[in-house]
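Colleague: here is the input, now give the coordinates:
(one chain, ligands or ions: 1)
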Amino acid sequence: MTHQNTPRPFDAFPRSHGFSHAITRLPSGTITRGLRAVDAGAPDLARFRQHHADYVAVLRETGAEVTVLDPLEEYPDSVFVEDAALLLPEGAVVMRPGAPSRLGEAAAMAPVLEQFYDNVLTVTGPGFIEGGDVLVTGREVLVGRSARTDAAGIAELGRLIAPWGYALREVATPPDVLHFKTDCSLLDDDTILSTPRLAATGCFAGYDVILTAEGEEAAANTIRFNDLVLMPAGFPGTRARLADAGYDLREIGNSEAALLDGGMSCLSLRFRPLGRSDRQE
Ligand code: CIR
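Modeller: Coordinates of the predicted model:
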């Protein structure tokens, strides 16, 4: 598929991947203290900023309105905005991160969401849930139980979004994997990119699945954003599989976010709120 200079309108795409807006946050100087499962060194702030700018530029290439929030020095991981909220057409839900150092990020996101949504709900606990464990497909909301997301958090999210008509299905995030979406991403309504280890659990039965190439598990976290699929640079095998399947790809440097277990999805909240004409009054 070749790149089209004039992006297709957002409503040409299903709501699972047709987005008018995205929210991002610049990496802060404290990013060097971000959480990581294995310490392979601190990220380089200048390089992280460059990758972030490249990422925002690609989102804007599709014609979407991208908000870039100021860095939050008190929260080293706050560049990973995805974990703070779940944004659906009907409303926003502020998450309750399971990492204690990240709890305040969710509260800081709430006033931002109120600028875009009339309906902003909040997971109040006692459970925990992070946005990285939530995959919204064309037919359901899949939530992976993980070290950051527990049964009570999942149950509360389910209660909050049920009135909007969403079916939530609890699945398992593989052991030693940070988030469910560390290992998978949505490519279109019915197609998932997954690592072999996650697909082997059977959680994607009934979907079309494209597997990451051998040794390229870190390529599983991509995002489908309107016409484009944003993927981390450096995974030629998976890149070839996605290109063969017809996706219009953009590769973005992810070396610094990867040092903190972050990827393409973590860096934005993507949404298309229901317009007045869409709302059921
Ligand atoms: C963390 O451990 O919370 C951050 N260093 C990385 C968060 C990545 N977010 C995501 O996968 N949605």
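
Colleague: tell me the contacts of the residue in the chain that the ligand sits nearest to?
Modeller: In the chain, the residue that lies nearest the ligand is residue 132 (2.6 Å; C-beta to the nearest ligand atom). Glycine gets a C-beta too; all of them are placed from N, C-alpha and C. Residues in contact with residue 132 (C-beta atoms under 8 Å, 6 or more residues apart in numbering) are 80, 82-83, 148, 178-182, 265-266.

Colleague: PyMOL command to pick out the buried ones of those residues?
Modeller: Selection command for PyMOL covering only the buried members of those, criterion 16 or more other C-beta atoms under 10 Å:
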select buried, resi 80+82+83+148+178+179+180+181+182+265+266
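
Colleague: ok, which stretches of the stretch 51-200 of the chain are strands?
Modeller: Under the criterion DSSP state E, counting those that start in this stretch, strands of the stretch 51-200 of the chain are mapped to 65-69, 85-88, 91-94, 120-122, 134-136, 141-145, 168-172, 184-188, 191-194.

Colleague: what helices and strands are in contact with the fourth one?
Modeller: Other helices and strands packing on strand 120-122, by 3 or more C-beta pairs under 8 Å, 6 or more residues apart in numbering; DSSP states H and E, are strand 91-94, helix 103-114.

Colleague: enumerate the residues of the stretch 1-150 of the chain near the ligand.
Modeller: 34-36, 77, 80, 82-83, 99, 102, 132 (C-beta under 6 Å from any ligand atom).

Colleague: now render those residues as a markdown table, adding pLDDT.
Modeller: Shown next, in a markdown table, are these (pLDDT from 0 to 100):
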| residue | pLDDT |
| --- | --- |
| 34 | 97 |
| 35 | 97 |
| 36 | 96 |
| 77 | 98 |
| 80 | 98 |
| 82 | 98 |
| 83 | 98 |
| 99 | 97 |
| 102 | 97 |
| 132 | 98 |
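
Colleague: any chance of the residues you listed in CSV, with distance to residue 141 too?
Modeller: Shown next, in CSV, are those (distance: C-beta to C-beta, whole Å):
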residue, distance to residue 141
34, 27
35, 25
36, 28
77, 23
80, 20
82, 14
83, 16
99, 22
102, 21
132, 14
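
Colleague: and the furthest pair within the residues you listed?
Modeller: 36 and 82 (16.8 Å; C-beta to C-beta).

Colleague: who touches residue 48 in this structure?
Modeller: Going by C-beta under 8 Å, 6+ apart, the list of residues near residue 48 reads 27, 31, 79, 256-257.
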